[in-house]
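[1] Structure here, sequence nowhere to be found:
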């Protein structure tokens, strides 16, 4: 369903990668691996359309994503490097806002349930949470995104404890089993059987 | 689409409510700048009455500038801006909603507080109406134009100064019409011409600025 064709990415006059092509089918997991500065985040940002590649294109079911824009946004969940939660809001408010912007209809109790699965109460302000708990608050969105076919996760395992890692692995594997596809970046192997691996190197 | 706009407006108002110091800073800045002039120039009533509309408008301009720098910066830093860019409703709608929320917490209070400042300048009470209407029509234009600049300078070092250089010249027509309308009313003439022009500025800015803001955001978040 997702196709990357001859992607080239240049940041600060440095070629991060060139001629990168791959295809991802339903039910597949793609792991983006590589050391710091090899362009993992850039690749994920290109795949979700936040960054335009120097050359090449990303296609969703055959259509270039630059043309699909909001239509494509409906089919993806992108969780970036920063947890994307507001300090002054509670975890519950944050998740409700994120879902509404993403066009997901989530009832208040399913939001609380999703946060509870990640061990969060939901009524505490995010600024009182630890780094790992913030990450959990952001990841809770995945529990409500089962209907969204493509998940793009940038370093989702950072700052998580072992229980959190197991929980997230379960979510990702369930999503693939359901026929969804997941692209995730990590520099350490989380012990998950990825169908495909894109190994980036520092140029 | 309207659901997303409502979400963003409610979110930004809630954030402003939880951190009232941000809103209070811009408002206090407006009051202090406008109050400095009588202290510096001296208490000559005729002079103060003559400069009042201009001073109040310049103070409004600067105060709007001050709060604009933070319009997208905080959302950019914590990653929530990216999520808005990847939302399912057009980015222009989200941008318009953010500007509306910004105006509600930083522009509307100026309209309410302006008569108090006018009192300091001994401006005749018959002019308060014109002053308030001119600010009511003009401050949203400031927010809309300023937001384009804020989006363009997002993430740049020294963005605040650049923002002022970029946006202040564009504020000039609004300043001329805004202060001019009160001057006209003070001279006993009709201010309708200036106010209608301000309304036209507002209509134009409201129609086009959100899309310019959206384009600028896409460029500066790359």
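    It's in. What you are looking at is a predicted structure, and each value in this text was computed from that prediction instead of being measured. Numbering: from 1, shown residues only, chains lettered A, B, ... in the order given.
[2] For burial, what's the neighbour tally of the nearest residue to residue B:191 once chain neighbours are set aside?
    Excluding its sequence neighbours, the residue lying closest to residue B:191 (CB to CB, 6 or more residues apart in numbering or on different chains) is residue B:181, at 4.1 Å. Placement of C-beta: from N, CA and C, glycine included. Using other CB atoms under 10 Å in any protein chain shown, residue B:181 has 29 neighbouring residues.
[3] what's residue B:181 in contact with, if anything?
    Taking CB atoms under 8 Å, 6 or more residues apart in numbering or on different chains, we find residue B:181 in contact with B:53, B:130, B:133, B:134, B:191, B:194, B:195, B:198.
[4] contacting residues for whichever residue of chain B sits closest to chain A?
    Here chain B gets closest to chain A at one residue, residue B:79, 3.1 Å apart by CB to the nearest CB. Taking CB under 8 Å, 6+ apart, we find residue B:79 in contact with A:80, A:81, A:82, A:83, A:84.
[5] redo that, cut-off 7 Å
    A:80, A:82, A:83, A:84 (CB atoms under 7 Å, 6 or more residues apart in numbering or on different chains).
[6] The last one - that's part of a helix, no?
    No: secondary structure assignment places residue A:84 outside any helix; it is coil (DSSP: H, G, I helix; E, B strand; the rest coil).
[7] picking that back up, adding pLDDT, neighbour count and secondary structure, write the contacts of residue B:181 out as a markdown table.
    Below are those laid out as a markdown table (pLDDT from 0 to 100; neighbours: other CB atoms under 10 Å in any protein chain shown; DSSP: H, G, I helix; E, B strand; the rest coil):
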| residue | pLDDT | neighbour count | secondary structure |
| --- | --- | --- | --- |
| B:53 | 93 | 26 | helix |
| B:130 | 94 | 22 | helix |
| B:133 | 95 | 19 | helix |
| B:134 | 96 | 29 | helix |
| B:191 | 91 | 23 | coil |
| B:194 | 94 | 24 | helix |
| B:195 | 95 | 22 | helix |
| B:198 | 96 | 25 | helix |
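[8] Tell me how far the closest residue to residue B:205 other than its chain neighbours lies from residue B:72.
    In space, residue B:205 comes closest to residue B:144 once its chain neighbours are excluded; the distance is 4.1 Å by CB to CB, 6+ apart. Using CB to CB, to the nearest Å, residue B:144 is found at 14 Å from residue B:72.
[9] go on, residue B:110?
    Taking CB to CB, one finds residue B:110 at 21 Å from residue B:72.
[10] what about the residue nearest to residue B:191, which helix or strand?
    helix B:159-186 (DSSP states H and E).
[11] Give me the buried positions along that helix.
    For helix B:159-186, a neighbour-count test (16 or more other CB atoms under 10 Å in any protein chain shown) marks B:159-160, B:163-164, B:166-167, B:171, B:174-175, B:177-186 as buried.
[12] before we move on, back to that, now the contacts of residue B:181 as TSV including distance to residue B:16?
    Shown next, in TSV, are the contacts of residue B:181 (distance: CB to CB, whole Å):
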residue	distance to residue B:16
B:53	28
B:130	29
B:133	25
B:134	25
B:191	32
B:194	31
B:195	29
B:198	26
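[13] quick one on the thing from earlier: now do the residue nearest to residue B:205, the pLDDT please.
    What the model reports for residue B:144 is a pLDDT of 96.
[14] Looks like it contacts residue B:211 (just checking).
    No: using CB atoms under 7 Å, residue B:144 is not in contact with residue B:211, being 11.1 Å away.
[15] quick one: which of those two has more around it?
    residue B:144 (26 against 16).
[16] buried residues in the strand or helix carrying that one?
    Using DSSP H and E, residue B:144 sits in helix B:128-152. Using 16+ other CB under 10 Å as the test for burial, helix B:128-152 gives B:128, B:130-152.
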